[in-house]
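**Student:** how does the following fold in three dimensions:
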Amino acid sequence: MTEQLKCPVCGSSRIDNDKNICLRCKTDIQLWKKVNDLPISYYHRAQYLIEKGRIDEAVKMLNTVLSLDSGHYDSHLLLGGILANSGMYDKAIALWERALRIKPDNSAEIQLLIDEAIKRKKAEADKKESLRTILGYKIKSILIVAVFAAVALVTGIMLPLGPTFRESPPKPHEKALEPVNLKVKVERVFNNNNITGIQVAQRESIIFLSGEVNIVQDKYRLENIIREIDGIDALDLTGIKTLYPRGYYYTVREGDNLWNIAEKTFGNGYKYEELYEINHTRILSPSIISPGMDILIPY
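**Tutor:** Residues are numbered from 1 along each chain as shown. As a prediction, this is how the structure comes out:
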C-alpha cells in the first residue's frame, strides 16, 4: 500500500491534492510530490531496462530507488534477483532480508528465495573446491609424466606408466565395462518427480537438458535433482529457456481468491483472468483454489 503523502514542512497529512497545498501551513507541495513519486518512476524504468537486457543500467536505477526510498519493497526483491543470478548471493540475501523486515507478511515467499540462494551458493562453492582438487591432481600427474620423460631421454629407458595414469586393458576372461545409460536414469527420476517437457541427451558422462521452465527456481530444481544422480560428471542447462525470469510461486492462504491475489501481486484485481490463464493446468476453475496450492506469478 502506498504511504500517505505528508507535508515536508509541518508533517501534516491534510493535503489538497487538486491545488497541491498543505491545508495546515499552506505550503505549496507540487515539487515535493514530484520528488516523492521519483522512486516509483525509477523502478518502472528499471523494469523496462531489464526487459531490454540492459541489466547494468537497471542495477544502477534500482540502487537510485533505494537511495531515495530505503523502504521500497519491490526494488529490494528485484535487485536481489539480479544479484543472485550474477552469483552475488550474499548481497542478494541481504536485500531480501531487508525486504522481509519491510513486509513480514510475505515471509514464506522471501524465505524461499533466501534458502534457494544459500543452496546455490553452497553448490557453487562445492563445485569450485572439486575443480581445484581435480586441477591439482592433473598438474601433479603432468609433472610426474614430465619427470619420467626426462629420465627416459637421459637413460634411454622408457619407464611404464602405472594404473594411476593409464588403465590396464581388461584381461581376456573379463568383459570391458559398458557405458552407463545416464539418460534413462535421468528420465526415470524426472518421471518420479512429475517433471514433463524436458528433453534429456547424454554424451559420455555429461547430461544435456533442453526445454522450457516457468521460473528460475524451476531451473535450480532441475540442477539439484541431477546432482543426486550418481555417475554424472557435468550438466549442461544452456538448452533450458525460462519463460518468466522474474516470476515466483505464491502459496495460497486461507481466505485467498484469484481476485485478491491479483490485487496483491499486480495491483489490479481484474488481472485474475491472466493468473487463471497461466495456471490453468493447476486451477480447474477461477473460483476454486485451496490453501497450500502454489500459483505461478509471472511478474
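**Student:** the domain parsing of the chain - what is it?
**Tutor:** Domains of the chain are assigned by automatic domain parsing as 15-108, 178-238, 248-297.
**Student:** chain center to the first one: distance?
**Tutor:** I take that to be domain 15-108. 20 Å (C-alpha atoms, centre = their mean, to the nearest Å).
**Student:** same thing with the shortest one?
**Tutor:** Offset of domain 248-297 from its chain centre (C-alpha atoms, centre = their mean): 22 Å.
**Student:** stretch 123-131 now?
**Tutor:** With C-alpha atoms, centre = their mean, you get 18 Å for stretch 123-131.
**Student:** so for that stretch, what gets flagged as buried?
**Tutor:** Residues of stretch 123-131 classed as buried: none (neighbour count, 16 or more other C-beta atoms under 10 Å). In this view, the C-beta of every residue, glycine as well, is placed from N, C-alpha and C.
**Student:** which of the domains of the chain is buried the deepest?
**Tutor:** Neighbour counts (mean count of other C-beta atoms under 10 Å) averaged over each of those peak at domain 15-108, with a mean of 16.
**Student:** quick one: mean pLDDT over stretch 88-99.
**Tutor:** For stretch 88-99, mean pLDDT is 86.
**Student:** contact partners of that stretch?
**Tutor:** 73, 76-77, 79-81, 83-84, 106, 110, 113-114, 117-118, 120-121 (C-beta atoms under 8 Å, 6 or more residues apart in numbering).
**Student:** tell me the least confident of those?
**Tutor:** Ranked by pLDDT, the contacts of stretch 88-99 bottom out at N106, which has 75.
**Student:** so who does that residue touch?
**Tutor:** A99, L100.
**Student:** reformat the domains of the chain as CSV; add distance to K128.
**Tutor:** As requested, those are exported to CSV (distance: least, C-beta to C-beta, whole Å):
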stretch, distance to K128
domain 15-108, 11
domain 178-238, 14
domain 248-297, 28
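**Student:** for those domains, which one sits closest to C7?
**Tutor:** Comparing the domains of the chain by their distance to C7 (C-beta to C-beta), the top pick is domain 15-108, with 3.9 Å.
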